[in-house]
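**Q** coordinates only, sequence not included:
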């Protein structure tokens, strides 16, 4: 039962353009969402998060949008840079009772071409 | 601040053996979670410790266990290793029991 799904295994964009990574979830108890970036042989690096009381959160080049009715979130990277090439994971956690347990999507490999 | 550290980084074990992995969280972080990453199953939650107590456990057999010490350092143990236990084991720490988790580099375990 895949509660968090990233349907695009890969995405390729040109440097300077926008990268949009998508994530869908099925568990309506999820109320906190995060995006991580992962390079090979390293642990995931936290990028940005959003609480279910918001529908948008920005941090520099990264913006996360949350559509609760559609159970969908997306990560926008503008402008994309070659150093952004990595695997991106979205993750979700349930309300307070679940502590720090994160449920991850399968990941999307982003390639930014110079 | 130093990041999350994990030791060892690489480990090769034989089926049937047991293994202990160590994690030192970011200073001041009291929550430590463990995850397993495999090509087939992705990133899966193993368990979480907060103030030396296991708060949450994922769907893994009892061969997987952990503990947390008073200084928040954590260890996980896998007994009677199976070939399918070959994976990257990641430790993450956070200040609160909820919130952003910061991951270590992982321990790559290979079971032969």
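**A** Structure received. Please read all numbers here as calculations on a predicted model, not as lab measurements. Numbers count the residues shown, from 1 in each chain, chains lettered A, B, ... in the order given.

**Q** Tell me how many other residues surround residue B:43.
**A** 23 (other CB atoms under 10 Å in any protein chain shown). All C-beta spots, glycine's among them, are computed from the backbone N, C-alpha and C.

**Q** swap in residue A:1?
**A** Residues lying near residue A:1 (other CB under 10 Å) number 4.

**Q** how near is it to chain B?
**A** Distance of residue A:1 to chain B, given as CB to the nearest CB, to the nearest Å: 11 Å.

**Q** Check residue A:81 too.
**A** Separation of residue A:81 from chain B (CB to the nearest CB) stands at 22 Å.

**Q** residue contacts, that residue?
**A** Contact analysis of residue A:81 by CB atoms under 8 Å, 6 or more residues apart in numbering or on different chains lists A:15, A:61, A:112.

**Q** How many neighbouring residues does residue A:27 have?
**A** Based on other CB under 10 Å, the number of other residues close to residue A:27 is 14.

**Q** so is it in a helix, a strand, or just coil?
**A** Taking DSSP: H, G, I helix; E, B strand; the rest coil as the rule, one finds residue A:27 in the coil state.

**Q** looking at it, it is touching residue A:1, isn't it?
**A** No - in this structure, residue A:27 is not within contact of residue A:1 by CB atoms under 8 Å, at 9.2 Å.

**Q** Excluding covalently adjacent residues, which one is nearest to the residue of chain A found nearest chain B?
**A** The minimum distance from chain A to chain B, using CB to the nearest CB, falls at residue A:43 (3.4 Å). Distance criterion CB to CB, 6 or more residues apart in numbering or on different chains; nearest residue to residue A:43, sequence neighbours excluded, is residue B:103 at 3.4 Å.

**Q** In strands, which of the contacts of residue A:81 fall?
**A** Mapping those onto strands (DSSP state E) picks out residue A:112.

**Q** how deep is the residue in chain B positioned nearest to chain A tucked in, by neighbour count?
**A** Distance from chain A to each residue of chain B (CB to the nearest CB) is smallest for residue B:103, at 3.4 Å. Per other CB under 10 Å, the neighbour tally for residue B:103 reads 22.

**Q** now do residue A:75
**A** By other CB under 10 Å, neighbour count at residue A:75 equals 23.

**Q** Tell me the bridge partners for it.
**A** For residue A:75, the beta-bridge partners are residue A:21, residue A:64 (DSSP bridges).

**Q** what's around residue 46, how many residues?
**A** I'll assume chain A. If you count neighbours by other CB under 10 Å, residue A:46 ends up with 17.

**Q** Please refer instead to chain B.
**A** Neighbour count of residue B:46, defined by other CB under 10 Å: 22.

**Q** what's the nearest residue to it if we skip its chain neighbours?
**A** Using CB to CB, 6+ apart, the closest residue to residue B:46 is residue B:34 (4.1 Å).

**Q** per-residue confidence at that neighbour?
**A** What the model reports as pLDDT for residue B:34 is 97.

**Q** From residue A:65, how far off is it?
**A** Note on residue B:34: its distance to residue A:65, by CB to CB, to the nearest Å, is 30 Å.

**Q** pretty sure residue B:9 is touching residue B:104, no?
**A** No - counting by CB under 8 Å, residue B:104 is not a contact partner of residue B:9; they are 9.6 Å apart.

**Q** After the host helix or strand of residue A:87, which helix or strand is next?
**A** For residue A:87, the enclosing helix or strand under DSSP states H and E is strand A:86-94. Using DSSP H and E, the helix or strand that follows strand A:86-94 in sequence is strand A:103-104.
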